[in-house]
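Chemist: requesting a structural model of the entry that follows:
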Amino acid sequence: LYGFVVMYRETKENRYLQQARNIANFILGHPNLPADKIPYWDFNAPDIPNARRDASAGAITASALIELSAYVIDVTVRMPYLETAETQLRTLSSPEYLAQKGTNGNFILKHSVGSLPGNSEVDVPLPYADHYFVEALLRYQALLREKDIGPHPRILMFAGEEEQIKANIAADPAWNKIHQSIIEECNNIVPLPVSQRVMQGVRLTGAGEALRRIFYLSYAYRMTGQKKYAERAENEMLAISAFSDWNPMHFLSVAGMTMALSIGYDWLYDQLQPASREKIRMAIISKGLDASFYPVDAYFLSQPSNWNQVCNACMVYGALAVYEDIPEVSKMIIRRAVETLPLAMKQYSPDGAYPEGFGYWDYGTSNTVMLLSAMEKIWKTDYGLSQMPGFMNSAGYIANMIGPTGFCFNYSDSGLSGSLFPTMFWFATKSKDVSVLWDQRKYMESGKKFTGNGLLPALMIWGSGIRLAGIEAPKEKMWVGNGVTPVSLMRTSWTDPN
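Modeler: This is a model prediction of the structure:
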């Protein structure tokens, strides 16, 4: 059981998932599985019900069932897996199996069996029994943590946290300019016609623009309380919800639309008309989340590229937005992202250089940070993803990739121009190193408007504790990143434009 679950996790081949389910169903349905769910040393042991139990088998099965439950969308199938695992963990945690401290050779569990026919390791503690028991407990603990998600708004910024942004705006003219540029752009958006479903080749156009409009308008409403912004965002979301589909054959379109509607649905939840709320909610589920369970469309799950980062992040946003309506499916989507996102995040290893270059760093990393920031906000953890080798170092990569001219080192298919990257402010805050914002400060103080960036409202959240005057130039003049695409970046000065 455990082996086939792992095989499915690593390959995403449905034959392994099906075989894991077959084995799980065999175990759960076996007439000789005891009520406390700790198996006998053999299902066909001749002396049942007096046969020896095997705690190691119970621990391995519990851990496997918890992971398997994350790969099954049908609640009627998933719940027996979780209920059996919970019963096994409760039994193993009872005095019958859990050893007292200082006894049992300092092992955790008693009563495991290696090979009874071979008279080897019979009714003894085993290292692997303890290993899988602890693993199962940690997985179960993660499930319990996911249950507490809180009310709307819950994504990125809780109710009342607008005040911290307002304080930053009042204290720093540069932040006020960014804020005012968002409000001005919202005033430009309000009279525009709503989005239409327009295909351009294999792509559904407008997903990025939908995110920009809805994120901006939702931010404007939360910061000003003016209903015209909420009403315009509601109309935009209703128009997109009415599309026949969001083009799952090119999943980036589905991803962008899902994140756009999820932010608007969450941030404006109390302002939406009940009928509108229902239409938007159903669109997020049926046109966004459901599409991610069809292997032919959800190929991003096995990709080591920015597609993985973008699509996983957007699906999690959908899951967070409608969590209370489909909690089991939402938890599965979140766990799936935690398990598959590392395939793409390994690309930052070991030092932070990004194989796809400057421009795609922004695309892939920004969506990853949107995901990590949302999870941290709700659960106070990103499940260790931000600590993957090289990821936090990649802020130094971007800081060094921008030269004194403001242009970037544009290898791969990146454009030449540097720009304001909201994500860099998340890195600076998390790492407590604002020197990576040296060029970002210049962009903010340049007087330019960056309202083409769909994530600009996130900048106001991630940068709310940063004062631009406190940003100093980095000390190191050389940065080296090994990995898939090694790169070395050198300069004579951070402050001399020549």
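Chemist: which parts of the stretch 101-250 of the chain are helices?
Modeler: Under the criterion DSSP state H, counting those that start in this stretch, helices of the stretch 101-250 of the chain are mapped to 127-147, 162-171, 173-189, 207-224, 227-241.
Chemist: of all those helices, which lies closest to residue 264?
Modeler: Proximity to residue 264, assessed across these by C-beta to C-beta, is greatest for helix 207-224 (4.1 Å). Just so you know, the C-beta spots here come from the backbone N, C-alpha and C atoms, and that holds for glycine as well.
Chemist: CA-only coordinates of that closest one in PDB, if you can.
Modeler: What follows is helix 207-224, C-alpha atoms only, in PDB (Å, rounded to 0.1, in the frame of the first residue of the first chain):
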ATOM      1  CA  ALA A 207      -6.600  36.200 -17.700                       C
ATOM      2  CA  GLY A 208      -3.800  38.600 -16.600                       C
ATOM      3  CA  GLU A 209      -6.100  41.600 -17.200                       C
ATOM      4  CA  ALA A 210      -8.900  40.000 -15.200                       C
ATOM      5  CA  LEU A 211      -6.500  39.500 -12.300                       C
ATOM      6  CA  ARG A 212      -5.300  43.100 -12.500                       C
ATOM      7  CA  ARG A 213      -8.800  44.600 -12.600                       C
ATOM      8  CA  ILE A 214     -10.300  42.500  -9.900                       C
ATOM      9  CA  PHE A 215      -7.300  42.700  -7.500                       C
ATOM     10  CA  TYR A 216      -7.100  46.500  -8.000                       C
ATOM     11  CA  LEU A 217     -10.800  47.100  -7.600                       C
ATOM     12  CA  SER A 218     -11.000  44.900  -4.500                       C
ATOM     13  CA  TYR A 219      -8.000  46.700  -3.000                       C
ATOM     14  CA  ALA A 220      -9.600  50.100  -3.800                       C
ATOM     15  CA  TYR A 221     -12.800  49.100  -2.100                       C
ATOM     16  CA  ARG A 222     -11.100  47.800   1.000                       C
ATOM     17  CA  MET A 223      -9.000  50.900   1.300                       C
ATOM     18  CA  THR A 224     -11.700  53.500   0.600                       C
END
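Chemist: from the contact counts, what lies against it?
Modeler: Helix 207-224 is packed against helix 162-171, helix 173-189, helix 227-241, helix 251-267, helix 456-462, with contacts defined by 3 or more C-beta pairs under 8 Å, 6 or more residues apart in numbering; DSSP states H and E.
Chemist: state the next helix or strand along the chain beyond the last one.
Modeler: To tie it back to what came earlier, the one meant is helix 456-462. Counting by DSSP states H and E, the next helix or strand C-terminal to helix 456-462 is strand 478-481.
Chemist: okay, now residue 102: neighbour count?
Modeler: For residue 102, the neighbour count with other C-beta atoms under 10 Å is 7.
Chemist: wait, residue 111 touches residue 57, no?
Modeler: No - the pair residue 111 and residue 57 does not pass the contact test of C-beta atoms under 8 Å, sitting 10.6 Å apart.
Chemist: how close does the nearest residue to residue 447 once chain neighbours are set aside sit to residue 342?
Modeler: Nearest residue to residue 447, sequence neighbours excluded (C-beta to C-beta, 6 or more residues apart in numbering): residue 177, at 7.3 Å. Distance, residue 177 to residue 342, by C-beta to C-beta, to the nearest Å: 38 Å.
Chemist: next: residue 359.
Modeler: Distance of residue 359 to residue 342, computed by C-beta to C-beta: 23 Å.
Chemist: among those two, which residue is more densely surrounded?
Modeler: Between residue 359 and residue 342, counted using other C-beta under 10 Å, the more crowded position is residue 359 (19 against 15).
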